[in-house]
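Engineer: Here is my input; please provide its structure:
(one chain, ligands or ions: 1)
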Amino acid sequence: MGLATFGVPVLLYQWRTALLRTAAIDTRAPGADLLQRYVWSVAVGTAVTISLGWAQLAVKEWLYIRHNRSRLHRALLDSLARAPMPEHWRVGSHRVLSVVSFSERGVFLGPHSFIEDSAMQFAAVAFTAYSTFLISRWALAVLAVLGFVMVRTMRHSSSVLREIQQQKVAEMQKRDQLMHAIFSGALTVRAFRVYGHMEARIWQLGATIAGIERLASTLLSVRSLCVSALQEVLGHLLVGAVALRFGQGPSMGVAGVQMYHDLLIRALPMLQYVAVVAGEAENHLLALQEFCDVASLPLEGPHDASLLLIPGSWAPAGDIVFSACCLRYAHGQSRALDSVSFAVRPGERIGIVGRTGSGKSSLVNALLRIVELESGAVVLDGTDVSTVGVGELRRQISVVPQTEALLAGSLRSNLDPFGEHSDVELWAVARDAGLDALGLDAVVENCGCNLSAGERQLIAVCRALLQRRRILVLDEATARVDEATAARVRALIRGWTDGCTVLTIAHGLDAVHDSDRILVMDDGRVAEFDSPAALVAQRGAYFRLLGAAAGRAGA
Ligand SMILES: Nc1ncnc2c1ncn2[C@@H]1O[C@H](COP(=O)(O)OP(=O)(O)OP(=O)(O)O)[C@@H](O)[C@H]1O
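Structural biologist: Prediction:
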């Protein structure tokens, strides 16, 4: 680096001498002083540019690759891992994926290459401008105006190209989604014989994408033609201005003009680079903005930092109180829970029923602080859950969600992802659930796609039971198994949750008829809450649900 920084000016000095000799410039002739200053400015400008480049290269590795890259990645992961779920739903997985993939390709490479290019190109343009100023102010004015037009044209065309690119990405996403739908819903596609229709749609999207690509390439060609033409005009105008300036010099006029022309031909494309770099920088900064938006999502409450409890010391027995709870998913949306109040005693089994969208799953979201309450409080064993860490809270509760999450591995690794249980326990729960025929080492593919829907649910139930927590929430946990298996799962849950508080959300009333009490939700409110027998005697909402279920069964 040192050799280059100090060697380059020396080489340039030699070059300048050779140039002057070749051009047979009489250094004592009028105007020669001006030309010498010009050549010097070229030499110094080039040396500065190269030194800047070297210095930038030296800091780049440490600053962007070693330091910023890992820091930004960590910020992105932290943000995604700690953001409240509504933020996840808002951001969407597509946006996260595009930010993560861009972070690899663009955000980290973008700024430093922008600095590298801009340092080199702006310095190049600056010394071209200074050199031209030395020769002719009129030439500089022309250079400035046409350079401005060139940069504006490039930037405008870059933004048009960017829009076209975005359109292409949107069309490609549509095509990918369609491909995914065909792949994941292959049975439905074949059953309804719509493959031909979907194939035609994919071809149509492919043709649209090809059309967009053709448009982009035409635009690029037109832009490059325009810029070349503009450069030619600029070059001739400047050379003309210089010829006028030096035209009178008898011994050096032609040589000076020739030399200036040569240097100009090399320097002018730099203007084009400046415009390209500026457009690129704009793209990168927009992407960086997007990256920062996702990397700085608001955080959910502290994970373990309870103000009131010694970490790990909190072990509620399962007493749950909802007190005037109001929950809203988004501003302007109606409340999913509207002044919900009820109390559950430790060890009680509560069935939660109600029509679709009545707020059953929202109760779980409030209990686990997946979504924070707008007002009211959820109290566990006398402790307002908003005062404990979300990690601490969630460690007290096992949940079997509506859509279970299975990972590629074995039955064993899915039942016991953290290797906390003995084979005896795993066999016991697998046997009770009727999964023992598979064997603990049975292969489970990603998302459990090599298992039946019922088997996947059973694995999720077993995994929750093995955790042996005081509170268990089952959200439609037996919706996809036959009645005999559902009865078996109910028996399994009873056997493994002695003394635990169990909240069972279900559409099918069979899943909750043996509960101690039934909570009926209606439009975000508690409609009824009592024992099944009392609710039947009341002939209210639960009774009507039973009647509707009986009607469906009879039909
Ligand atoms: N992620 C979400 N974003 C916005 N609104 C939501 C979200 N989840 C639920 N809602 C709304 O909140 C209300 C209650 O939904 P919730 O999922 O609690 O009903 P549910 O009784 O569990 O329904 P289901 O029986 O279909 O599971 C509905 O009006 C629903 O549209």
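Engineer: May I ask which helix or strand encompasses residue 473?
Structural biologist: Assigned by DSSP states H and E, residue 473 falls within strand 471-475.
Engineer: got a list of what the residue of the stretch 151-300 of the chain found nearest the ligand touches?
Structural biologist: The nearest approach of the stretch 151-300 of the chain to the ligand comes at residue 300, 14.9 Å away (Cβ to the nearest ligand atom). For glycine as for every other residue, the C-beta is placed from the backbone atoms N, C-alpha and C. When contacts are counted by Cβ atoms under 8 Å, 6 or more residues apart in numbering, residue 300 touches 82, 83, 84, 369, 372, 390.
Engineer: mind redoing it with 6 Å?
Structural biologist: Contacts for residue 300 (Cβ atoms under 6 Å, 6 or more residues apart in numbering) come out as 84, 390.
Engineer: sec struct for it, please.
Structural biologist: Under DSSP: H, G, I helix; E, B strand; the rest coil, residue 300 falls in the coil class.
Engineer: Ramachandran coordinates for it?
Structural biologist: The phi/psi pair for residue 300 (degrees, to the nearest 10) reads phi -80, psi 180.
Engineer: now residue 436
Structural biologist: Dihedral angles (degrees, to the nearest 10) for residue 436: phi -60, psi -20.
Engineer: looking at it, it is touching residue 428, isn't it?
Structural biologist: No. Between residue 436 and residue 428 there is no contact under Cβ atoms under 6 Å: 9.4 Å.
Engineer: quick one, which of these two is more surrounded?
Structural biologist: residue 428 (18 against 15; other Cβ atoms under 10 Å).
Engineer: quick one: the more buried one is in a helix?
Structural biologist: Yes. Under three-state DSSP, residue 428 falls within a helix.
Engineer: Roughly how far does it sit from residue 394?
Structural biologist: 25 Å (Cβ to Cβ, to the nearest Å).
Engineer: what does residue 502 give?
Structural biologist: For residue 502, the distance to residue 394 - Cβ to Cβ - is 17 Å.
Engineer: who's more crowded, those two?
Structural biologist: Neighbours were counted for residue 502 and for residue 394 using other Cβ under 10 Å; residue 502 has more, 21 against 18.
Engineer: What are the phi and psi values at that one?
Structural biologist: Residue torsions, per degrees, to the nearest 10, at residue 502 are phi -120, psi 120.
Engineer: my read: it touches residue 471, true?
Structural biologist: No. Using Cβ under 6 Å, residue 502 is not in contact with residue 471, being 7.9 Å away.
Engineer: ok, and the residue in the stretch 51-200 of the chain that the ligand sits nearest to, which helix or strand is that part of?
Structural biologist: Per Cβ to the nearest ligand atom, the residue of the stretch 51-200 of the chain with the smallest distance to the ligand is residue 89, at 5.0 Å. In this structure, residue 89 sits in helix 85-91 according to DSSP H and E.
Engineer: ok, now residue 341?
Structural biologist: strand 337-344.
Engineer: re earlier: roughly how far does the residue of the stretch 51-200 of the chain closest to the ligand sit from residue 371?
Structural biologist: 10 Å.
Engineer: again with residue 95
Structural biologist: From residue 95 to residue 371 the distance is 20 Å (Cβ to Cβ).
Engineer: Those two: who's more crowded?
Structural biologist: residue 371 (21 against 13).
Engineer: Point out the residues in the stretch 201-350 of the chain that sit beside the ligand.
Structural biologist: Within the stretch 201-350 of the chain, the positions adjacent to the ligand are 329, 330, 336 by Cβ under 6 Å from any ligand atom.
Engineer: thinking again about what came up before, list the buried residues for the helix holding residue 89?
Structural biologist: For helix 85-91, burial by neighbour count (16 or more other Cβ atoms under 10 Å) applies to 86, 87, 91.
Engineer: picking up where we left off before, now check the strand holding residue 473, is it near the ligand?
Structural biologist: No. Strand 471-475 lies out of reach of the ligand by Cβ under 6 Å from any ligand atom, never closer than 7.4 Å.
Engineer: what pairs with that strand, and is each one parallel or antiparallel?
Structural biologist: Sheet partners assigned to strand 471-475 using DSSP bridges are listed as strand 397-400 (parallel), strand 501-505 (parallel).
Engineer: Just list what the helix or strand hosting residue 362 packs against, helices and strands only.
Structural biologist: Per DSSP H and E: residue 362 is located in helix 360-367. Contacts defined by 3 or more Cβ pairs under 6 Å, 6 or more residues apart in numbering; DSSP states H and E place helix 360-367 against strand 320-327.
Engineer: any idea of the angle the strand it packs on forms with strand 501-505?
Structural biologist: 40 degrees (axes from the mean of the first three to the mean of the last three Cα atoms, to 10 degrees).
Engineer: Just confirm residue 351 is within a strand.
Structural biologist: Yes. Assessed with three-state DSSP, residue 351 lies in a strand.
Engineer: and the gap between it and the ligand?
Structural biologist: 13 Å (Cβ to the nearest ligand atom, to the nearest Å).
Engineer: hmm, back to that, the strand holding residue 341 vs strand 501-505, what angle?
Structural biologist: 140 degrees.
Engineer: ok, back up a step: using CSV, please lay out the strands paired with strand 471-475 together with distance to the ligand and mean pLDDT.
Structural biologist: CSV is the format used below for those (distance: least, Cβ to the nearest ligand atom, whole Å; pLDDT from 0 to 100):
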stretch, distance to the ligand, mean pLDDT
strand 397-400, 13, 92
strand 501-505, 7, 94
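Engineer: Thanks a lot, catch you later.
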